[in-house]
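**Q** Build me a model from this:
(one chain, ligands or ions: 1)
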Amino acid sequence: MKVIPVLAAAAVLTAPRWLPRRVVALRGKVFELVNGDNAITLPDERFGPEKFREIYSHPNAGGRSEGAGLSDLFWYWLSPGPEVHQEHLEAGPRYDDVARTTQRFLAGSSASLAATAARCAAAVLDEQVRRDVTAVRLRDLMMPIWAEFNYELVFGEPCPRPARDLIVGNATDVVDALKCTGLRHPGRRARLTRYLRARVEAGDVVHELPSTLDTTEQVHYLQGTFFNTSVVQLSEAMAHLLLVLAQHHDVQRRLAANPSDERYFSHVLDETLRVFPLFGIAHRITTGDIDVDERTTLPRGSVLCFSYPEYHASGHQDPEVFDPSRWAELSAKDVPHIPFGIAANRPCPAWRLSPLVMRAVAGEVLRRFRLDSSVRHTRSLPSRGPCLLVRRGAPERATAAVLGFLRVRDRWEDVERSLRQLVLGTWMVLDARSQRLAGRYFEPPPGCPAHRPA
Ligand code: HEM
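**A** Okay, here's the model as predicted:
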């Protein structure tokens, strides 16, 4: 009779080891259901890494939103204005106009972009980290830096604190919803929209905004691209980079000692984004048939899900091991490595900018602190990267006990968080399904078979 309570106690005590993994697998199943039967995930046994690249680069693998169940979910997460987000616009004149505008904002000289990023980082680090030993969540520490940086890209002047708070509030709300660690707060996002509208109407933006968009759409474009995607992606990428440094002290020492060694930094960043790519899956909807070989055709309307972690793991020895030295002999273009997407099919417009501004910010962090962390490092990093910053030159302190505490707290937080993610994720999937933001947008008006123009 005592067996059941003993088993229950054992299950609870060992939960940190087995529960988070099970919950992640279950969430994967929920998302597969959203996709329906016309979805294909690559690479798989049928389509290996070579076919992955060929199919991803195919001109008919170009549809972004129309016709995929997943779009309703992404549009829900990225609101307001997902229909003018560059990532989700279908090919056409509006897409071209928006993509050209994004390039204009990102086109500064390398030296001035790096200097701006370093200045924003220095100000935020000096303001936020005051003690000799400080426990932080890396993503939270990075958010205000990238909020200030993007504000300067858009408005060409230093970011006032109230604007920074609005931007961080917006970006945090989006990324928490995307990771299913929190629900959306449309009111929080709307506050930033109102602020941006006033600035756009006052003519404060440094570049011309897409002329094919009306004022509301221009505001949504700025909010989606710079104050959501850019802030989130750079904060996530930096959290991964700093966490690997916190857990690989030899790599950290070498980078801290040679901050101007661009080559070594690019090996470390390539390896970080190989093991922890920011995209789990990027999807496309086929706009025409794709003949893969004599026997296989992917019909028009298929939803192709390109799995970055699977692709990045193929073609490497011990792919799960973080080892920047593997890049000393490899060139990123000769191996399965696409951290910024595929050149032939809407790659990241910040492909050039991201590494150079990240190097500048990493330099500011390493100049001030040694990093140490004992937490689990996963690709989606829902923990936001707990980490200890120890000020350089401060009197030596024993940090083993704090690191032990961080480890135990992380394991138990994982249990609570993975259950929360399952519940909130399922709720948002159902809510997005009932709202059908993308589905309704592409529906032809009654009596008219034509699609809405891109
Ligand atoms: C290290 C940082 C970043 C990484 C690893 C990254 C990665 C990616 C990847 C893999 C894609 C292509 C996804 C696909 O094929 O569907 C993409 C697209 C995109 N990224 Fe980034 N990104 C980063 C930073 C940024 C920044 C700073 C911006 C700021 C503007 C940005 C804006 C975009 C946009 C607008 C797209 C959509 C492109 C299009 O469809 O035309 N990303 N990013």
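**Q** Let me know the pLDDT of the closest residue to His207 other than its chain neighbours.
**A** Distance criterion C-beta to C-beta, 6 or more residues apart in numbering; nearest residue to His207, sequence neighbours excluded, is Arg104 at 4.6 Å. The way it works is simple: take the backbone N, C-alpha and C, and place the C-beta from them, glycine included. Per-residue confidence at Arg104 stands at 98 (pLDDT).
**Q** Okay, and Arg22 sits in which element?
**A** helix 15-35 (DSSP states H and E).
**Q** Report the rounded mean pLDDT for that helix.
**A** 69.
**Q** ok so, going back, now that the residue nearest to His207 has come up, it's in contact with Val205, right?
**A** No: counting by C-beta atoms under 8 Å, Arg104 does not reach Val205; the two are 10.7 Å apart.
**Q** higher neighbour count, those two?
**A** Val205 (17 against 12; other C-beta atoms under 10 Å).
**Q** Okay, and the more buried one sits in which element?
**A** Val205 belongs to no helix or strand, assigned by DSSP H and E.
**Q** Report the contact partners of it.
**A** When contacts are counted by C-beta atoms under 8 Å, 6 or more residues apart in numbering, Val205 is found next to Val154, Phe155, Arg199, Leu222.
**Q** so which of these is the most crowded?
**A** Greatest neighbour count in those, by other C-beta under 10 Å, goes to Leu222: 26 neighbours.
**Q** before we move on, which element is it in?
**A** Assigned by DSSP H and E, Leu222 falls in helix 215-224.
**Q** Flag every buried residue along that helix.
**A** Glu217, Gln218, Val219, His220, Tyr221, Leu222, Gln223, Gly224 (16 or more other C-beta atoms under 10 Å).
**Q** Ok, stretch 307-326 next?
**A** Ser307, Tyr308, Glu310, Tyr311, His312, Ala313, His316, Pro319, Phe322, Asp323, Pro324, Arg326.
**Q** quick one, phi/psi of the first one?
**A** The phi and psi torsions at Ser307 (degrees, to the nearest 10) take the values phi -90, psi 110.
**Q** what's the pLDDT at it?
**A** 94.
**Q** There's contact between it and His283 in this structure, I believe.
**A** No: Ser307 sits out of contact with His283 when judged by C-beta under 8 Å, with a separation of 10.1 Å.
**Q** Can you tell me which of the buried residues of stretch 307-326 has the lowest confidence score?
**A** For the buried residues of stretch 307-326, the minimum pLDDT belongs to His316; the value there is 90.
**Q** For that one, give its distance to the ligand.
**A** Using C-beta to the nearest ligand atom, to the nearest Å, we find His316 at a distance of 18 Å from the ligand.
**Q** ok, that residue - contacts?
**A** His316 sits in contact with Arg274, Arg326, Val335, Pro336, where contact means C-beta under 8 Å, 6+ apart.
**Q** Equivalent analysis for Pro382, please.
**A** Shown in contact with Pro382 (C-beta under 8 Å, 6+ apart): Lys179, Thr181, Arg417, Gln421.
**Q** I'd like the residues you listed as CSV, with neighbour count, distance to Thr297 and pLDDT appended.
**A** What follows is these, written out as CSV (neighbours: other C-beta atoms under 10 Å; distance: C-beta to C-beta, whole Å; pLDDT from 0 to 100):
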residue, neighbour count, distance to Thr297, pLDDT
Lys179, 18, 36, 94
Thr181, 18, 40, 96
Arg417, 18, 42, 93
Gln421, 21, 37, 92
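**Q** Greatest separation within these: which pair is it?
**A** Lys179 and Arg417 (9.3 Å; C-beta to C-beta).
**Q** The ligand contacts on the stretch 251-400 of the chain?
**A** 273, 278-279, 282, 339-341, 346-350, 354 (C-beta under 6 Å from any ligand atom).
**Q** and the residues you listed, which are buried?
**A** Leu273, Leu278, Phe279, Ala282, Pro339, Phe340, Gly341, Arg346, Cys348, Pro349, Ala350, Ser354.
**Q** Out of these, which sit inside helices?
**A** Counted as lying in helices by DSSP state H, out of those, are Leu273, Ser354.
**Q** For the buried ones among the residues of the stretch 251-400 of the chain next to the ligand, work out which two are farthest apart.
**A** Among these, Leu273 and Arg346 lie farthest apart (C-beta to C-beta), at 17.9 Å.
**Q** where does the residue nearest to Ala332 when sequence neighbours are not counted land in three-state SS?
**A** Counting by C-beta to C-beta, 6+ apart, Asp270 is the residue found nearest to Ala332 once chain neighbours are left out, at 5.8 Å. Recorded secondary structure, Asp270: helix (DSSP: H, G, I helix; E, B strand; the rest coil).
**Q** remind me which residues of the stretch 301-450 of the chain are low pLDDT?
**A** Within the stretch 301-450 of the chain, the ranges that satisfy pLDDT under 70 run 449-450.
**Q** one step back: of all the residues of the stretch 251-400 of the chain next to the ligand, which comes closest to Gly439?
**A** Of all those, Gly439 sits closest to Ala282, with 20.3 Å by C-beta to C-beta.
**Q** Now the phi/psi pair for Arg391, please.
**A** According to degrees, to the nearest 10, Arg391 has phi -60, psi 130.
**Q** ok and the residue in the stretch 351-454 of the chain nearest the ligand?
**A** Going by C-beta to the nearest ligand atom, the ligand is nearest to Ser354 of the stretch 351-454 of the chain, at 3.9 Å.
**Q** Show the contacting residues for that residue.
**A** Counting by C-beta under 8 Å, 6+ apart, Ser354 touches Gln233, Leu234, Ala237, Phe340, Cys348.
**Q** Cool, thanks, signing off.
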